[in-house]
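Asks: Sequence plus predicted model, see below.
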Amino acid sequence: MKHISSIAGGVALGSAGIIMMSILSGCESQKEEPKNRYLVIEQQANGKYTVVEEMPTEGPSRAIIREKDANGNVTERFMNEEEMKALAAQEYEKVQNGTSETLQEGGGSAGMGLAGTILAVAAGSLLGNMIGNALMGNKNFAQNASNTNKSAYSRSAAANSSGKKSFFGGSSNKSPNTSNYGS
């Protein structure tokens, strides 16, 4: 009878341990990535724009626009979320009409206009996730969006979402508390 009692106690202890581990791992789950972006957009020699820096932000989306004047001097101007939304909405109207450069095949490889660049990078946060998801469903738009964004954050986020192998051999989209030691 003592043997059955010790097994039952072990099962109860094991079950309590599993429950506690699941509760703790739930507490460690990653927070949802902020949707808003802080962008640095740079004008290229051809007059088109590309994103050179991108960071998630808790506050409103905003951007610094770097442009060259007639003398070749670089100037920076600030663009707030309302201005970004207005440009993105104008470009989205062109998307609906089929005239947006974001839909042209190979259009983003040399950059795009300012409105197209903003729409390509921040459509979801500026116009809503449904619009962002619908745009990313278009093959040309998705390709142009990835080509126009040269930021390290964008490359890192793309690598994490695609499940590429990490330096240590594990998939980079695994949770941080999963290890590959000895495999």
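Replies: Yes, it's here. Numbering: from 1, shown residues only.
Asks: Could you look up the SS state of T99?
Replies: coil (DSSP: H, G, I helix; E, B strand; the rest coil).
Asks: Use 44 as the first number for this chain going forward.
Replies: In the new numbering, first residue 44, that becomes T142.
Asks: Could you report the separation of E136 from A129?
Replies: 11 Å (C-beta to C-beta, to the nearest Å). From N, CA and C alone the C-beta is placed, and that goes for glycine too.
Asks: just checking, next helix/strand downstream of the lowest-mean-pLDDT helix or strand in the chain?
Replies: Of all helical and strand segments in the chain, the minimum by mean pLDDT, DSSP states H and E falls on helix 45-70, at a mean of 55. On the C-terminal side of helix 45-70, the nearest following helix or strand under DSSP states H and E is strand 80-86.
Asks: is the residue nearest to E96 when sequence neighbours are not counted in a bridge, and if so with what?
Replies: Once flanking residues are discounted, E96 sits nearest to V83: 3.7 Å by C-beta to C-beta, 6 or more residues apart in numbering. Here V83 sits in beta bridges with E96, I107, as judged by DSSP bridges.
Asks: neighbour count winner among E136 and A129?
Replies: Higher neighbour count among E136 and A129: A129, with 14 against 11, using other C-beta atoms under 10 Å.
Asks: Tell me the buried residues in the strand or helix carrying the more buried one?
Replies: Using DSSP H and E, A129 sits in helix 124-140. For helix 124-140, burial by neighbour count (16 or more other C-beta atoms under 10 Å) applies to E124, M127, K128, L130, A131, E134, Y135, K137, V138.
Asks: what does that helix contact?
Replies: Helix 124-140 is contacted from outside by 79, 103-106, 143-146, 156-159, 161-162, 165-166, 169-170, 174, 178, 184, using C-beta atoms under 8 Å, 6 or more residues apart in numbering.
Asks: 6 Å instead, please
Replies: By C-beta atoms under 6 Å, 6 or more residues apart in numbering, the list of residues contacting helix 124-140 from outside reads P103, S104, S143, A158, G159, I161, L162, L169, L170.
Asks: Which members of those are classed as buried?
Replies: S104, S143, A158, G159, I161, L162, L169, L170.
Asks: Just name the closest of these to V117, please.
Replies: V117 lies nearest to I161 out of those, by C-beta to C-beta, at 19.4 Å.
Asks: Average pLDDT for the helix or strand harbouring that closest one, rounded please.
Replies: Per DSSP H and E, I161 falls inside helix 157-170. For helix 157-170, mean pLDDT is 87.
Asks: do the same with stretch 98-117
Replies: 91.
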